[in-house]
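Novice: Based on what follows, work out the 3D shape:
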Amino acid sequence: MNKANRIMIFTSSYPYGNGEQFFEDELNLFVAHGYDITIQPYYYGHNKNPRKVPKGVKVLKPLARFRSVNGIIDNWIIINGLVRYAIKDLKCSVQNHKWQGLKWRLRQIAIAVLGVLNLQIEDENDIVYFYWGMGGSYYIPFIKEKNNRKKRNTTKIVCRFHGSDLYEEVHCGKLPLQPEIVMNSDIVVAISEFGKNYIERKYFKKVYCNRLGVINHLGKGQPSSDNVFRIVSCSSIIPLKRVDKIAEVVSCLGNTVQWIHFGDGPERSKVEEKIKKAGIENQCTLAGKLDRKEILKYYFRNPCDLFINLSETEGIPVSIMEACSFGIPAIATDVGGVSEIVVPDLLINPNAKIDQIVDKIDVFRDNWQKDRYFLREKVHDIWQSDFDSEKNFMKLERILMDNLRRN
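Specialist: The predicted structure is shown next:
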């Protein structure tokens, strides 16, 4: 195996738990292109049973588990750096009386200290790739310092930013170590042009835009052929995703509308209560958490007329990419890089009232009633052009290889 093909990838929990399903496409492409992959999860996720990974991929145990004495010695530079950062953050908050978010940030650093005790990065890795700008990426500044002291400067550090790990406004105005992470990464990648511009304006650092994507080998889905207007959505049921607002919208659209939501979470009971209160139980289906492949099969086999996402913040939702790959138009809040995939007429102001969202859907529905294929070809073309996993992986590979050749 060529040395240039060795990559260590830091994930949040993959392959443990149920999250980061969208990472699987990229991982499969890395393997198909001959890379030697080691995966380092940060957490266990929802359970300790790992999913099946492609043959040849090495998976390490998650970092945030019981500590190792050897880890204290081997990673003292990183531990010391994290503790110094936490003390500095605490002092700054005390001096400026800014307590909001401090507890969360200190907890993040405490978990990072626990995790670093199990951290081992082999010298043979050509690329250390942090899939998120939070969690494992907290180590980036100190790995850089450690490498510089040992004169190991050939390994490229890559950090990819999405949405929840990028926009500090979502986290009370501050994310742990973000400036240090950005400035100490050799390659910074954002999943949207919006995110790229956000980082470049803030840190005057060169950033690459490399969008995520999805693979669709099934083909296009079909619109409804009867008088029913079918709406789909897919996300965790958490406050950030505002699934309860979708229930409110559906309750105002009349009895010829059906809504199915894929995903689960702590706010499910709140959504169920709103559905019950509005008396639309027979129009709504909360399908729970399904395997991603099952959701994609649903889009292919069942008529779906509109996808809806009302999140407070996003990068560019993979769920919208999946819908577009089947030709399902999406209506969504204009946050993060959402405008890069949703057609302008279907963008919603994040502060829009329920009646404003309903009005926008009614306009779409009027066009749909005249032409059941309204916008379907257009959104499929957007996916094919900008959000096809295989095309976007080739772009990522060029970014990585071009930077490696500059050593």
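Novice: Please count neighbours and contacts with C-alpha atoms only from this point.
Specialist: OK.
Novice: Against which helices or strands is the one helix or strand residue 269 maps to packed?
Specialist: Assessed by DSSP states H and E, residue 269 sits inside helix 268-278. Using 3 or more Cα pairs under 8 Å, 6 or more residues apart in numbering; DSSP states H and E as the contact test, the elements touching helix 268-278 are helix 243-251.
Novice: picking up where we left off before, and the helix holding residue 269 with helix 243-251, angle?
Specialist: With axes from the mean of the first three to the mean of the last three Cα atoms, to 10 degrees as the basis, helix 268-278 and helix 243-251 are set at 20 degrees to each other.
Novice: Name the residues of the following helix or strand past helix 268-278 that are buried.
Specialist: Helices and strands here follow DSSP H and E; after helix 268-278, the next one along the chain is strand 284-288. Of the residues in strand 284-288, those buried by neighbour count under the rule 16 or more other Cα atoms under 10 Å are 284-286, 288.
Novice: how's the protein carved up into domains?
Specialist: Segmentation of the chain into domains, based on automatic domain parsing, reads 3-213+388-404, 229-386.
Novice: What are the boundaries of the helices in this structure?
Specialist: In the chain, the segments counted as helices under DSSP state H are 23-32, 69-74, 76-96, 102-116, 140-149, 178-184, 193-203, 243-251, 268-278, 292-301, 318-325, 354-370, 376-386, 389-404.
Novice: Tell me how many other residues surround residue 171.
Specialist: Residue 171 sits with 17 neighbouring residues when counted by other Cα atoms under 10 Å.
Novice: Report the spatially nearest residue to it, omitting neighbours in sequence.
Specialist: Computed as Cα to Cα, 6 or more residues apart in numbering, the closest residue to residue 171 that is not its neighbour in sequence is residue 101, at 6.7 Å.
Novice: same deal with residue 156?
Specialist: residue 127 (4.8 Å).
Novice: Who are the contact partners of the one you found?
Specialist: Residue 127 sits next to 6-8, 155-158 when contact means Cα atoms under 8 Å, 6 or more residues apart in numbering.
Novice: same question, residue 390
Specialist: Remark: with contacts taken as Cα under 8 Å, 6+ apart, residue 390 is in contact with 29, 213, 215.
Novice: so which of the helices of the chain is the most packed in?
Specialist: helix 318-325 (a mean of 26; mean count of other Cα atoms under 10 Å).
Novice: ok, residues contacting that helix?
Specialist: Surrounding helix 318-325, the residues in contact under the criterion Cα under 8 Å, 6+ apart are 22, 212-216, 219-220, 234-235, 296, 299, 307, 309, 329-330, 341, 376, 379-380, 382-384, 387.
Novice: One more: stretch 398-407?
Specialist: Contacts with stretch 398-407, where a contact means Cα under 8 Å, 6+ apart, come from 4, 154, 156, 187, 208.
Novice: Could you verify my assumption that the fourth one touches residue 156?
Specialist: Looking back up the chat, that one is residue 187. Yes. Under the criterion of Cα atoms under 8 Å, residue 187 makes contact with residue 156 at 7.4 Å.
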